[in-house]
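Asks: Everything below, folded, please.
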Amino acid sequence: MKKGFTLAELLGVIVILGLIAMIAIPTINSAINSSRDKAYDEQIRTIEEASRTYISKNSLKLPNMTEGSTCCLRVETLQEAGLLKADDIKNPKYVKDSTDTDERFENFNGSVIITFTKNKYNYEYVNDNTCTPC
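Replies: Next comes the predicted model:
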């Protein structure tokens, strides 16, 4: 008698492994994308928090306290002030040659727009440097 597996047994194992892969791969991809989204949001919060720290030390650079007044604080300025490290500006969603707004920048090189509304300052990161600097 020969020892070994029959063709039917081998095909059965291959089918079962294929089914497991069909279930596991989308779940793994979803988990990876979810963690990238969380890391992206955390990077944005880090940049906005660094801008709050910068402004608390340089309060004279704030926009005047009239409703809707704005100014921009560049990420480069935050780096020069020592408030952001190189790791803090890496975009975890970066995809080479992507056209998606969140994915096409390898690093966060934009600005934080500081706006005075409703008697408080609001901070929002944007991927552009075209507004008035603080």
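Asks: drop to CA atoms for contacts and neighbour counts, all remaining ones
Replies: Will do.
Asks: Next up, the contacts around Gln43.
Replies: Going by C-alpha atoms under 8 Å, 6 or more residues apart in numbering, Gln43 touches 88-91.
Asks: go on, Leu84?
Replies: Going by C-alpha under 8 Å, 6+ apart, Leu84 touches 47, 50, 78.
Asks: in this structure, which spans are strands?
Replies: Remark: strands assigned in the chain by DSSP state E are 70-74, 111-117, 120-126.
Asks: How far away from the center of its chain is the first one?
Replies: Right, the one you point to is strand 70-74. Using C-alpha atoms, centre = their mean, to the nearest Å, the mean C-alpha position of strand 70-74 is found 20 Å from that of the whole chain.
Asks: For that strand, name the packing helices and strands.
Replies: Contacting strand 70-74 under the criterion 3 or more C-alpha pairs under 8 Å, 6 or more residues apart in numbering; DSSP states H and E are the following elements: strand 111-117.
Asks: Who are the packing partners of the strand it packs on?
Replies: helix 7-57, strand 70-74, strand 120-126.
Asks: Sheet-wise, list the partners of that strand with their directions.
Replies: Strand 111-117 pairs in its sheet with strand 70-74 (antiparallel), strand 120-126 (antiparallel), by DSSP bridges.
Asks: Kindly calculate the angle that the first one makes with helix 7-57.
Replies: What it means is strand 70-74. 120 degrees (axes from the mean of the first three to the mean of the last three C-alpha atoms, to 10 degrees).
Asks: that older thread, would you list the contacts of Gln43 in a markdown table and tack on neighbour count, pLDDT and distance to Ile32?
Replies: Output for these, formatted as a markdown table (neighbours: other C-alpha atoms under 10 Å; pLDDT from 0 to 100; distance: C-alpha to C-alpha, whole Å):
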| residue | neighbour count | pLDDT | distance to Ile32 |
| --- | --- | --- | --- |
| Asp88 | 16 | 78 | 19 |
| Ile89 | 21 | 85 | 20 |
| Lys90 | 17 | 87 | 17 |
| Asn91 | 22 | 87 | 14 |
